[in-house]
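S.K.: quick one: sequence and predicted model below, then my questions.
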Protein chains: 4
Amino acid sequence: MARLKVPLIVVNYKAYPEAVGAKAVALSRTIEEIAKETGVSIAVAPQVTDLSLVADATSIPLYAQHIDDCEPGAKTGHVTAEALKETGVVGSLINHSERQLKLSAIEWIVKKTRALQLNSIVCANNPEVSVAVTMLNPTAVAIEPPELIGSGTAVSKARPEVVSATVDLIRKQRNDVAILCGAGIVNGDDVRSAVKLGVDGILVASGVVKARDPRAAVMDLAKALL
Amino acid sequence: MARLKVPLIVVNYKAYPEAVGAKAVALSRTIEEIAKETGVSIAVAPQVTDLSLVADATSIPLYAQHIDDCEPGAKTGHVTAEALKETGVVGSLINHSERQLKLSAIEWIVKKTRALQLNSIVCANNPEVSVAVTMLNPTAVAIEPPELIGSGTAVSKARPEVVSATVDLIRKQRNDVAILCGAGIVNGDDVRSAVKLGVDGILVASGVVKARDPRAAVMDLAKALL
Amino acid sequence: MARLKVPLIVVNYKAYPEAVGAKAVALSRTIEEIAKETGVSIAVAPQVTDLSLVADATSIPLYAQHIDDCEPGAKTGHVTAEALKETGVVGSLINHSERQLKLSAIEWIVKKTRALQLNSIVCANNPEVSVAVTMLNPTAVAIEPPELIGSGTAVSKARPEVVSATVDLIRKQRNDVAILCGAGIVNGDDVRSAVKLGVDGILVASGVVKARDPRAAVMDLAKALL
Amino acid sequence: MARLKVPLIVVNYKAYPEAVGAKAVALSRTIEEIAKETGVSIAVAPQVTDLSLVADATSIPLYAQHIDDCEPGAKTGHVTAEALKETGVVGSLINHSERQLKLSAIEWIVKKTRALQLNSIVCANNPEVSVAVTMLNPTAVAIEPPELIGSGTAVSKARPEVVSATVDLIRKQRNDVAILCGAGIVNGDDVRSAVKLGVDGILVASGVVKARDPRAAVMDLAKALL
């Protein structure tokens, strides 16, 4: 039993200029509408500067993109789980391929999110790393082969064996960790092939944020989960 | 001629739990009132999660505590200067002792802030490093000996020769870079001794944020600049 | 079945001035003599600058203290597994608490050592991290609670439950990964209590390198394994 | 007055497989012969694992490629200046573009090398960074635009204005800091154009290490300095 509402789509805004400030709010509203229309579980991960803005303007589930492994205190320039919780996030991505962490930091942050009742989505670059982080008991593991991130070629089609191997390895260990996959996912077909491989959801970024028509792009992804 | 309104007090909220979320807003309102009452130039540096909240609630000059050295784009979990500018900050601390950066990153970020018309306050741990960063032409250099940060023993009293040496070295190079000092500053006396050493302002953190009466603490600091 | 000759003592020279250059060679000769006299399996991990010196002067099994996660090439200032192999090491510590790595780097390095037929001893700070790295299939996992490193208070006596929990968690997953423990181990009693908790060997550093009589210190540790 | 024997060629072996172990020794012998034949000052920077080997086999001036900013002690996996000095190096590259450091670390290391009477060659990616590190008073500054490193297109020909600007900015501050340039330098013409721009020497890596005939390549570079 996953501890997340699955199947789940997480839209990662990264540091894209197309999804900052007022544009982050507008995109989040659009995505929230589609979530309501379709009933599909969709969450967004805006830039940290925009979390409270989006929280104020929408009620879509919000994720941070990163947490630092430190307690609140004399840590200038760091982002604590406690400060993120204040913004209204329900969880965070952890160890994204573009913001990797030391192993002991990942373990510390997963434990911290659990204590704060936040969801932890730990990213991993291959099946071995995926099962390693599974042992830390996060809410979800997201497998994303870095070479496919932003490529427009979906991991679920280009490297189905990576996704399958990840699902197999994780499911031998735990049933209560959700499994997401990402990298190159841009349309409903990519999502359907991912779901067939056994994942509980997907991570998408440029496929939505940089789409000519983000509403249509999200709708296409969502419909694949109906 | 400094490019900042000096003398200047910058209150760094670090990741202190006493100054997060609604408490960051409340503290910023208090500080803004004192700035208005006294006419002293005071800026605040809240946690990145709170910048847009504070910007919405006050018109006090806002600084970020840190900027990452990357362009907007596929940089999950990073904080770009562009995203910070959207929140309404007028500048940022850079290379704080608790969030140090590679030299090439400091140079990149100073250049980027200049392009975006943001102020750059580059922190340095000793006179040699202070003059090195001066060559990058930031808006201000802040000398903070790390061993005194959070100590309650003011750099301006415990290590006046460090502050003087910094002022001497920087002023041989440029007159248009403001010089701040910090570390251990908690009261008006500390500020007065700093100003006597030739600085244009001070950085303060726990001395305000963790004060039993933050309003009184800020007022004491501000009056020292009248 | 462990893929190392166990029980095993690994003496980590860290960057101690007592064990650099000619002193590293002398200490290694002493330790080699004790290994021969007692028949106990003892390996040493000198500073990277001394590996070829010690390899030239002794035939004691040598470990590096760290490997960088990069292929040979344009990587100025990095230490590749290939360059280490040239010095004659039989393996390396990986992710020591004083030289921690990103998770994907640990996985990469473990795989690389396997390809080069080098042993990998991956360090971990707690039982959860220990079992996570076990999933990467290293030669050995070394549990070392950082707060006890260099303390003179042995993990096997001060925190036996940490060692036991680590052994339990790892043994549920694999029998062919050796389990070492370290932190605060200084004498034979510490070693005996560690072995009783189920470990296959120990990591020791200051307990030998900074001992008044390193020969006596190593002999005491070795005899505990007879 | 530079504190190095100039003009100087420094051959950086990086982590190239063509210059590891016995191959590092052989290449160093070849380079030493050319230095003796021509009288040109040539130094080499082998991998850290090979420093004592090369020191044992030759008397060519040796540089490390990197130093960590820590004192000898409990620093597993770190390379101290003291340990490097034991190997017989006369100095070190610092902050190479492939191994960049925090600014406070650069300052610390430059000071440490001075205390140990080692030469410090601090690398910088552009003129602004070059003059910043000049203020730390190293033995030499090496300007290397990262985009030209390994390109085969010499900085001295492709970006002469970068080299000139660096020389101008540094010479306004100090005459006793040597100025080197590197990136893309492969032949004597590149060296001659660099010298015309005012530098005291060059850094070269793949142009020698990966040359079909390294002896001929070094000879060509050396003759340009006669």
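M.R.: Arrived safely, thanks for sending.
S.K.: CA atoms for contacts and neighbours, from now on please.
M.R.: Will do.
S.K.: can you give me the neighbour number for the nearest residue to residue A:119 once chain neighbours are set aside?
M.R.: In this structure, residue A:119 finds its nearest non-sequential neighbour in residue A:91, 4.1 Å apart by Cα to Cα, 6 or more residues apart in numbering or on different chains. Neighbourhood size, residue A:91 [other Cα atoms under 10 Å in any protein chain shown]: 27.
S.K.: isn't residue A:91 right up against residue A:118?
M.R.: Yes: between residue A:91 and residue A:118 there is a contact under Cα atoms under 8 Å: 4.5 Å.
S.K.: now for those two: what residues contact both?
M.R.: By Cα atoms under 8 Å, 6 or more residues apart in numbering or on different chains, residue A:91 and residue A:118 have these common neighbours: residue A:85.
S.K.: buried ones in the one helix or strand residue A:109 maps to?
M.R.: Taking DSSP states H and E as the criterion, residue A:109 maps to helix A:103-115. Of the residues in helix A:103-115, A:103-113 count as buried by neighbour count, 16 or more other Cα atoms under 10 Å in any protein chain shown.
S.K.: what does stretch A:152-172 give?
M.R.: Neighbour-count burial for stretch A:152-172, counted by 16+ other Cα under 10 Å, picks out A:153-157, A:160, A:162-167, A:169-171.
S.K.: among those residues, which pair sits farthest apart?
M.R.: Using Cα to Cα, the pair of those lying farthest apart is A:153 and A:171, separated by 25.7 Å.
S.K.: now the element after the least confident helix or strand in chain A by mean pLDDT, going C-ward?
M.R.: Least confident helix or strand, chain A: helix A:155-158 with a mean of 85, by mean pLDDT, DSSP states H and E. Reading on from helix A:155-158 to the C-terminus, the next helix or strand found by DSSP H and E is helix A:160-173.
S.K.: mind checking the pLDDT average for the helix or strand following that following helix?
M.R.: Per DSSP H and E, the first helix or strand lying C-terminal to helix A:160-173 is strand A:178-182. Summarised as a single mean, pLDDT over strand A:178-182 is 95.
S.K.: what about the strands in chain A?
M.R.: With DSSP state E as the criterion, chain A has strands at A:8-12, A:41-45, A:63-64, A:91-94, A:119-124, A:140-143, A:178-182, A:201-204.
S.K.: in a markdown table: those, plus distance to residue A:35.
M.R.: A markdown table is the format used below for the strands of chain A (distance: least, Cα to Cα, whole Å):
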| stretch | distance to residue A:35 |
| --- | --- |
| strand A:8-12 | 10 |
| strand A:41-45 | 6 |
| strand A:63-64 | 16 |
| strand A:91-94 | 18 |
| strand A:119-124 | 19 |
| strand A:140-143 | 20 |
| strand A:178-182 | 18 |
| strand A:201-204 | 14 |
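S.K.: for the top helix by length along chain A, packing partners?
M.R.: Using DSSP state H, we find that the single longest helix of chain A is helix A:22-38. When contacts are defined as 3 or more Cα pairs under 8 Å, 6 or more residues apart in numbering or on different chains; DSSP states H and E, helix A:22-38 packs onto strand A:41-45, helix A:51-57, helix A:214-223.
S.K.: ok so, going back, packing partners of the helix holding residue A:109?
M.R.: With contacts taken as 3+ Cα pairs under 8 Å, 6+ apart, helix A:103-115 sits against helix A:81-87, strand A:91-94, strand A:119-124, helix C:127-134.
S.K.: apply 10 Å and report the result again.
M.R.: helix A:81-87, strand A:91-94, strand A:119-124, helix A:127-134, helix C:103-115, helix C:127-134 (3 or more Cα pairs under 10 Å, 6 or more residues apart in numbering or on different chains; DSSP states H and E).
S.K.: ok so, going back, just the C-alpha atoms of the longest helix of chain A, please, in CSV.
M.R.: C-alpha atoms of helix A:22-38 as CSV (Å, rounded to 0.1, in the frame of the first residue of the first chain):
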residue,chain,number,x,y,z
ALA,A,22,3.3,34.7,-11.5
LYS,A,23,3.8,32.1,-14.2
ALA,A,24,4.3,29.4,-11.5
VAL,A,25,0.9,30.5,-10.1
ALA,A,26,-0.8,30.4,-13.4
LEU,A,27,0.6,27.0,-14.4
SER,A,28,-0.4,25.6,-11.0
ARG,A,29,-4.0,26.8,-11.4
THR,A,30,-4.2,25.2,-14.8
ILE,A,31,-2.9,21.9,-13.5
GLU,A,32,-5.2,22.1,-10.5
GLU,A,33,-8.2,22.5,-12.9
ILE,A,34,-7.2,19.4,-14.8
ALA,A,35,-6.7,17.4,-11.6
LYS,A,36,-10.3,18.4,-10.6
GLU,A,37,-11.7,17.7,-14.1
THR,A,38,-10.1,14.3,-14.4
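S.K.: could the helices and strands packed on helix A:103-115 be laid out in TSV, adding mean pLDDT?
M.R.: Putting those into TSV (pLDDT from 0 to 100) gives the following:
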stretch	mean pLDDT
helix A:81-87	98
strand A:91-94	98
strand A:119-124	98
helix A:127-134	98
helix C:103-115	98
helix C:127-134	98
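S.K.: how about those, which one is nearest residue B:44?
M.R.: helix A:81-87 (17.0 Å).
S.K.: buried ones in the closest one?
M.R.: Neighbour-count burial for helix A:81-87, counted by 16+ other Cα under 10 Å, picks out A:81-85, A:87.
S.K.: what is the burial count for residue A:175?
M.R.: Based on other Cα under 10 Å, the number of other residues close to residue A:175 is 11.
S.K.: from chain B, how far out is the nearest residue to residue A:32 once chain neighbours are set aside?
M.R.: What sits nearest to residue A:32 in space, not counting adjacent residues and going by Cα to Cα, 6+ apart, is residue A:60, at 5.6 Å. As judged by Cα to the nearest Cα, to the nearest Å, residue A:60 and chain B stand 18 Å apart.
S.K.: thanks a lot, catch you later.
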